[in-house]
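1. Return a 3D structure for these sequence lines:
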Amino acid sequence: MRRRFHVTGERTWKELHGEPCIAIDGLDGVTKKTIVTSRSFPEMIRDLADLRSHIANYAARCALKLRRQNSVCSLVTAFIQSNHFREDLIQYDRSASHSFLTPTNTTSEIVEMATRILEAIFRKGIYYKRAGIMVSGISPADSIQPDLFEYSPERSQKLKALSTALDKINGKMGADTLMLGAQQYTDKSEDGKSVKFVNAIRRAMKSPDYTTCLGAFTVN
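-> Sure thing, here's the model as predicted:
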């Protein structure tokens with residue numbers, strides 16, 4: 001493994017086989033201050049509904065990353081871009097942000113706000129090639145300062161329980177097993193089911209999954 005994939009590949013192979021190479025203690029306190037999820041589309045998109053599904057999935061993944069590092073965000077930003085390589089088309093590049101009165105990491109709140117931002121900046125007649133979501137203003141989830149007038153403990157607990165259920169079921173049954181309606185794509189696969197996020201993004205230049213899939217290691 002070291003000869004084929006160098007020391008990093010060797011350590012990854014050992015980790016996947018249950019042999020720890022990096023002490024967990026060495027990762028304490030490492031949290032991202034900004035989280036971005038963005039993709040280029042396989043084909044250009046003109047329809048708001050299709051674009052909304054992409055944005056909703058990007059936002060959901062940002063929310064998941066926040067929960068995995070036990071953090072919350074106070075600002076969400078959405079951006080959309082046209083195809084800059086097509087000079088014959090109208091060019092459009094727009095972004096907008098929204099601040100949460102009470103920082104959050106729940107999927108439903110972040111997805112809802114991201115789709116609202118998209119609807120505000122969307123422009124008809126544009127061929128969109130790329131979109132993304134960024135969450136910032138990140139702080140620890142155990143030290144939230146709630147807004148005095150907007151915060152509802154009951155609603156907050158329900159949203160947290162929903163996100164916890166999403167994480168638990170998708171962690172056990174596989175990604176996208178359970179999702180919000182806004183994340184659903186209108187296109188159908190060969191078996192008649194809605195296309196999943198993993199099949200709706202551009203993957204031609206994707207690197208092998210050395211860190212998550214043993215099948216990516218092929219030894220002759």
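
2. tell me the centre residue of this structure?
-> A centroid search over the chain (Cα atoms, centre = their mean) returns residue 61, at 2.3 Å, as the residue closest to the centre.

3. which of the residues in the helix or strand harbouring that residue are buried?
-> Per DSSP states H and E: residue 61 is located in helix 48-68. For helix 48-68, burial by neighbour count (16 or more other Cβ atoms under 10 Å) applies to 48, 50-67. Every C-beta, even on glycine, is put in place using the N, C-alpha and C of the backbone.

4. ditto for stretch 169-176
-> In stretch 169-176, counting by 16+ other Cβ under 10 Å, buried: 170, 176.

5. Would you mind putting the CA coordinates of it into CSV?
-> Below are the C-alpha coordinates for stretch 169-176, written out as CSV (Å, rounded to 0.1, in the frame of the first residue of the first chain):
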residue,chain,number,x,y,z
ILE,A,169,-31.6,6.9,9.9
ASN,A,170,-29.3,8.1,7.1
GLY,A,171,-26.3,7.0,9.0
LYS,A,172,-27.8,3.5,9.4
MET,A,173,-29.6,3.1,6.1
GLY,A,174,-27.4,5.2,3.7
ALA,A,175,-27.3,8.8,2.6
ASP,A,176,-30.5,10.3,1.3
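
6. quick check: mean pLDDT across that stretch?
-> For stretch 169-176, mean pLDDT is 84.

7. What of stretch 145-158?
-> 82.

8. again, but for stretch 7-22
-> Here the average pLDDT along stretch 7-22 is 82.

9. what distance separates that stretch from the centre of its chain?
-> 26 Å (Cα atoms, centre = their mean, to the nearest Å).

10. Same question for stretch 158-168.
-> 16 Å.

11. any chance you could map the helices in the protein?
-> 2-16, 48-68, 107-121, 153-173 (DSSP state H).

12. I'd like those helices written out as CSV, with distance to residue 136 added.
-> Output for the helices of the chain, formatted as CSV (distance: least, Cβ to Cβ, whole Å):
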stretch, distance to residue 136
helix 2-16, 29
helix 48-68, 10
helix 107-121, 12
helix 153-173, 19
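
13. Which among these is found nearest to residue 140?
-> helix 48-68 (10.8 Å; Cβ to Cβ).

14. okay, now the residue lying closest to residue 52 once chain neighbours are set aside: neighbour count?
-> Closest residue in space to residue 52, ignoring its immediate chain neighbours: residue 115 at 5.4 Å, by Cβ to Cβ, 6 or more residues apart in numbering. Residue 115 has 20 neighbouring residues, counting by other Cβ atoms under 10 Å.
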